[in-house]
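1. sequence and predicted structure are below.
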Amino acid sequence: QSVVNEDKSKGEALKYSQKSDEGQKLRQQLEELEAEAAELRGLLDQARERDVDAEKLSALRRDLLQQQAKLEAKPEAERSAQDEQELRRLKERLQQVEKLLQEARSGAAERRSQAEAK
């Protein structure tokens, strides 16, 4: 009978050890999932920020295009040197804004695709 009790005791100790190992593995998996979720939230937040940047840049681009259209609507003979200088400045600024807009859009798309891939 003492051998039977000893076997039972060893069996229960083994079961407890296995359950403890399983619990440890589950805790580790949970920690890994929580870290991954935090990383995904960060990527999505960055994508949202880039979307906001893109919206602001789009509005700025529209404003610049309207200003450019007003200046270009004047006949060339009526344009002053200041108008021509302003037109060149607007075109340069427009190029910068379009470049930044493209970067913001591609950055947002990249962050979103990274988050989706995970």
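-> Nice, thanks for sending it over.

2. quick one: low-confidence ranges for this protein?
-> 1-11, 13-14, 16, 118 (pLDDT under 70).

3. ok, which stretches of it are helices?
-> In the chain, the segments counted as helices under DSSP state H are 2-73, 81-117.

4. buried deepest among those, which one?
-> Highest mean neighbour count of the helices of the chain: helix 81-117, a mean of 14 (counted as mean count of other C-beta atoms under 10 Å). Every residue, glycine included, has its C-beta placed from N, CA and C.

5. helices and strands around that helix, which ones?
-> helix 2-73 (3 or more C-beta pairs under 8 Å, 6 or more residues apart in numbering; DSSP states H and E).

6. so which elements touch the helix it packs on?
-> Under the contact criterion of 3+ C-beta pairs under 8 Å, 6+ apart, helix 2-73 touches helix 81-117.

7. how far does the helix it packs on sit from the chain's center?
-> 18 Å (C-alpha atoms, centre = their mean, to the nearest Å).

8. how far off helix 2-73 does that helix point, in degrees?
-> Helix 81-117 and helix 2-73 are oriented at 160 degrees to each other (axes from the mean of the first three to the mean of the last three C-alpha atoms, to 10 degrees).
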